[in-house]
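[1] model this:
(one chain, ligands or ions: 2)
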Amino acid sequence: MDIKIIPTGMIQTNCVILSNDQKQALIIDPGADADEIQAFILKKGLTVIGYPFTHGHYDHICAIGDIHAACPAPCWMHPLDLAWAFTSRNQNLPWYRQPDPATVPDIQKAWEKDGPFSIGPFEFETLFLPGHSPGSVAFYFPKEHLLIGGDVLFKGSVGRTDLPGGDTATLFRSLRRLAKLPPQTRVLSGHGPETTIGDELRSNPYMRQALGA
Ligand SMILES: [Zn+2]
Ligand SMILES: [Zn+2]
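    Ligands and ions are numbered 1, 2, ... in the order given. Model prediction:
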């Protein structure tokens, strides 16, 4: 599985593109810069087969209308975030141009329960990790020791909990779940550089606080 990370938009949200030998691709969190994402897809000759979203914040969704028009495929988001991501200007950031929900015809609710999920040949587990947003999820690929974690855990930090629906105690519970993953698990976060669970267990002050260490 190939992994491409494209930092997009004003706050450099990491859009993650996974692809396989058959040139099928998943695009996770196309936050902005649809042209750049599409240029990569074209250059590599990839066929997009799905768009799983880690959560519904504007900086993770705003390119979906344009990229989906060019490369249509189903989209998935947890229902607790889908409830507002494309429709509530108060819950998401009101000054930001959100994609018109009509441009995202394939979006579906998913992952009410944690567990295995597959999109074509891509098989992963979803982990429900609320706290940063009410419907945050992470995508865990056990064979690859890979976690695509959205804004729950960052290298040396965690996602903010002061946005609508955020909650620090809930986020800390989610961190305790992540702490149980194998330490060698590679973590691709929604912003900033990648890390590992082991590194964060050792040095992330929020992780250590969540674990009472
Ligand atoms: Zn976020
Ligand atoms: Zn973000």
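[2] what separates the spatially most central residue of the chain from residue 65, distance-wise?
    Taking Cα atoms, centre = their mean, the centroid of the chain lies closest to residue 54, which sits 2.9 Å from it. Distance check for residue 54 against residue 65: by Cβ to Cβ, to the nearest Å, it reads 18 Å. For glycine as for every other residue, the C-beta is placed from the backbone atoms N, C-alpha and C.
[3] now residue 118
    Relative to residue 65, and taking Cβ to Cβ, residue 118 is found at 26 Å.
[4] the more surrounded of the two?
    A count of neighbours by other Cβ atoms under 10 Å puts residue 65 above the other of residue 118 and residue 65, at 19 against 9.
[5] state the helix or strand in which that one lies.
    helix 64-70 (DSSP states H and E).
[6] what residues sit buried inside that helix?
    Using 16 or more other Cβ atoms under 10 Å as the test for burial, helix 64-70 gives 64-68.
[7] now, which of these lie close to ligand 1?
    With Cβ under 5 Å from the ion as the criterion, the buried residues of helix 64-70 include none near ligand 1.
[8] which one of those residues is nearest ligand 2?
    residue 64 (14.3 Å; Cβ to the ion).
[9] thought that closest one was touching residue 104?
    Yes: counting by Cβ atoms under 8 Å, residue 64 touches residue 104, with 5.5 Å between them.
[10] and the strands in this structure?
    2-8, 13-19, 24-28, 47-52, 75-77, 107-109, 115-119, 122-128, 137-141, 146-150, 153-154, 157-158, 186-189, 195-196 (DSSP state E).
[11] and the fifth one with ligand 1, contact?
    Translated: strand 75-77. No: Strand 75-77 does not reach ligand 1 (Cβ under 5 Å from the ion); its nearest approach is 12.5 Å.
[12] which elements pack onto that strand?
    Packing partners of strand 75-77 (3 or more Cβ pairs under 8 Å, 6 or more residues apart in numbering; DSSP states H and E): strand 47-52, strand 107-109.
[13] point out the most buried one among those.
    Among those, strand 47-52 has the highest mean neighbour count (mean count of other Cβ atoms under 10 Å), at a mean of 21.
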